[in-house]
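*Asks:* Return a 3D structure for these sequence lines:
(chains A and B)
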Amino acid sequence: MSEKPQKIQLFHTCLVNEFYPEVGMAVVNVLEHLGIEVNVPLRQTCCGQPAYNTGFQKDAKKAARYTVELLSKTEGPIVIPSGSCTDMIIHQYPILFREDTDFLPEVTAVTKRCYEFTQFLVDVLGVSKLGARLDARAAYHQSCHLLRGLGIKKQPASLLENIENLKIMTIEEKDECCGFGGTFAAKHPDISGSIMQKKIRNIENSKADMVVSCDMGCLMHLEGGLHRKGSTIKLRHIAQVLEAGLQ
Amino acid sequence: MSTFSARVKSVINDNDLQIALSKATTKLSSGREASIASLENADLIRDMARRAKLNILHNLDENLLKFEHRLIDNGVNVHWAEKGTDACEVVIKIAQKRGIKKVAKSKSMVSEEIHLNEALIKAGLQVIETDLGEYIVQLADDRPSHIIAPIMHMTRHRVGEIMHRHLNVPYTDDIKELARYAREKLRSEFLSAEIGITGANFGVVETGTICIVTNEGNARMVTTLPKIHIVIMSLEKLVPTLADLDLMLKILARSATGQKLTSYTTLIHGPKVDEENVGPEEVHVILLDNGRTGIFGSEQAEILGCIRCGACLNICPVYKNIGGHAYGDVYPGPIGSVLTPGLKGLLEWKDLPYASSLCGACKDVCPVRLDIPQMLLSLRKNAIKEKIPFGLKIGMKGFGIITAYPGLYKFIRNIGSLFLRLIGRDGWIKRFPANWLIPTDLLNGWTKVRDFKVPARKSFQDMWIEREKSYE
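*Replies:* Residues are numbered from 1 along each chain as shown, chains lettered A, B, ... in the order given. Here you go, the predicted structure:
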């Protein structure tokens, strides 16, 4: 078995930085609990996904090039608490730079070091039980880019199963998109809203009091929808529930 | 034509439509899932089918010529049509030359694409749709909303009303009874039609075979009873060999309806020969381009490998919420969002590639693993070269610059964050007031259906730096 890493670089994502700083802190706490030293490259910005998904590949490329150059100067695994941003870097960066043969090796070197948070815990560290404990009924929302883009399904499930007292509620049509889709959410509110209402209905029917996911984009969208309804269902990044009750 | 957003608005609150879509797509999707799961070596078969389709496309011109030779050897008349109108013209000429007045059709998306019915009726011909769904579409003067289930947008009550009004039969919503009405009416039409028109699901290069699959058996009637059979086939329908056809048949019905095979799989090699007592005396194949060669050299060329199973429609969260008509053209759903701009021009159809959350479910279920999300992204890349709002262009340019300069990024983020917190109430914005600092139109797209959470007072990096300092 290869040696376990001692230190990681945290690519915290722009959503976590601006809107959900507590998620970033939860990620840090969980990793430090496992004895991993966390470094935060402070000059990081955004992976470029908003521009990329809207078709502005040239502008996205600037963000991507900057991110690759920044991360190239660091060492060790790069942990990203978002399926969507991880998929952007691992799968879309090589497409963005496919004709840029000079830069492509640098891109590949960085993408090889990138891991989504739960993937890093389970696949790299081999940890699925942290000793967390939480009294809640949680529904897990598997975000599309995590599930289909990265094929990450078992890792978050096994982490959640091992949280003491946490009851996992099943939601109907669990593989279905929540309707977020980045700028799609604002560009096509009627469609996005209609998809979201179905997801909310399924969440409510599951009797969960909490929705857990690995992507703050989906959660921000669902949280906004639930808040408008006056719902008391809480939304949590998986790091936040894994952090609960840690000694 | 109306805009995509306007079409969406007109369907999104249609309760009947939502019920019809939800029922049908759930049934088809779960059928697909179970039947693909029960297929041994499904992954391998899908890979092989994909390879067979892509191989054909890589060498399309040669394959087409070979196919034409086989057809001619089989006694088939071959016609080439560059545009839809050319194909319609061929059909009209065949009918007029023989003084024929009545044609029967089996379900064919390509005939919808080229508006064949309108052209034939204009030329004085009577056209009868023999597929049950298409027949109802024709009665109601409607349009199909799904590539395999043309009346997916209708409830059975609506079908009952249509039959009652147009066929003079008592109203019922019993499906068996409705099918009986259609059967009684259609049987006599089959017997009197002199030309049968079909599409083709596949054309086998090796043998010059035309393959048509149906569940109602109407294609078999249309291809055997009338004395002339005309096939309209778009260029990309070829498969190399009969063995490849077998691969396609293994995955087509499973992906479409969850059946192992459709009830009828018809293989046609040419007109009736002496010892046979049924079958057409003449078979014509019209090979149609209608914009396909334009897609051929593009980043979306792979879309021509589509075998039209409709699985991507049934799984798509967008299709499931808006149905087929909102897409505005013949091919709806994820496949249509790539195909329509390719066939008809991106400038007029650039809304379609954006009608997706990029969830990737379509790619997952596609039997030949077409990477539809990636094709949508490449179309979006091309779409921004066309006319786009100035504000958006500047905004994205700004994004590219800001994200590459962390100091500037931080500065702008601080202003934006402060501003959003100022207009927020209790941490939330219900609607953005008009202002010059942020793109209100786009943001109020967000607040149309959900509240906007204002940024945190302290960013993660602020927290992190504070913590690091406290350790010093």
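
*Asks:* ok, the closest residue to residue B:84 other than its chain neighbours to chain A distance?
*Replies:* Once its chain neighbours are removed from consideration, residue B:84 has its nearest residue in residue B:114; the separation is 3.0 Å (C-beta to C-beta, 6 or more residues apart in numbering or on different chains). In this view, the C-beta of every residue, glycine as well, is placed from N, C-alpha and C. Taking C-beta to the nearest C-beta, to the nearest Å as the measure, residue B:114 and chain A are separated by 29 Å.

*Asks:* How many neighbouring residues does residue B:114 have?
*Replies:* Residues contacting residue B:114 under the criterion other C-beta atoms under 10 Å in any protein chain shown number 24.

*Asks:* go on, residue B:433?
*Replies:* By the measure other C-beta under 10 Å, the count of residues near residue B:433 is 8.

*Asks:* And the residue positioned nearest the centre of chain A, how far from residue A:12?
*Replies:* Among the residues of chain A, the one closest to the centroid is residue A:82, at 1.6 Å (C-alpha atoms, centre = their mean). When C-beta to C-beta, to the nearest Å is applied, the distance between residue A:82 and residue A:12 equals 9 Å.

*Asks:* swap in residue A:226?
*Replies:* Residue A:226 sits 24 Å away from residue A:12, taking C-beta to C-beta as the criterion.

*Asks:* For the residue lying farthest from the centre of chain A, report the pLDDT, please.
*Replies:* Seen from the C-alpha centroid of chain A, the residue lying at the greatest distance (C-alpha atoms, centre = their mean) is residue A:102, 29.9 Å away. At residue A:102 the predicted local confidence, pLDDT, stands at 96.

*Asks:* part of a strand, is it?
*Replies:* No - secondary structure of residue A:102 (DSSP: H, G, I helix; E, B strand; the rest coil): coil, not part of a strand.

*Asks:* Okay, now the unreliable bits of chain A?
*Replies:* Within chain A, the set of residues satisfying pLDDT under 70 comprises A:1-2.

*Asks:* what's the domain layout of it?
*Replies:* As recorded under automatic domain parsing, the domains making up chain A are A:7-123, A:131-243.

*Asks:* The shortest one and chain B, any residue contact?
*Replies:* Yes - between domain A:131-243 and chain B, judged by C-beta under 8 Å from any C-beta of the partner chain, the touching residues are A:144-145, A:148-149, A:175-177, A:179-196, A:198, A:220-221, A:223-225, A:227-228.

*Asks:* Among residue A:226 and residue A:12, which residue is more densely surrounded?
*Replies:* With neighbours defined as other C-beta under 10 Å, residue A:226 and residue A:12 compare such that residue A:12 has more, 26 against 22.

*Asks:* how near is that one to residue A:79?
*Replies:* Distance, residue A:12 to residue A:79, by C-beta to C-beta: 9 Å.

*Asks:* Need the residues touching each of the two.
*Replies:* Contact criterion C-beta atoms under 8 Å, 6 or more residues apart in numbering or on different chains; residues bridging residue A:12 and residue A:79 by contacting each: residue A:27.

*Asks:* Residues of the stretch 1-150 of chain B that sit close to chain A?
*Replies:* With C-beta under 8 Å from any C-beta as the criterion, the stretch 1-150 of chain B comes near chain A at residues B:5, B:8, B:9, B:12.

*Asks:* what sits against residue 203?
*Replies:* Using chain A. If you count contacts by C-beta under 8 Å, 6+ apart, residue A:203 has them with A:139, A:141, A:171, A:211, A:222, A:233.

*Asks:* if you could check chain B rather than the one you did, that'd help
*Replies:* Under the criterion of C-beta under 8 Å, 6+ apart, the neighbours of residue B:203 are B:67, B:209, B:210, B:211, B:233, B:237, B:238, B:239, B:285.

*Asks:* quick one, strands of the chain?
*Replies:* Assuming you mean chain A. A:7-10, A:37-39, A:78-80, A:114-116, A:133-141, A:164-169, A:210-213, A:234-237 (DSSP state E).

*Asks:* Please refer instead to chain B.
*Replies:* So, for chain B - with DSSP E - the strands run B:77-81, B:102-105, B:126-129, B:195-198, B:202-204, B:209-214, B:228-234, B:238-239, B:264-268, B:282-288, B:428-429, B:452-453.
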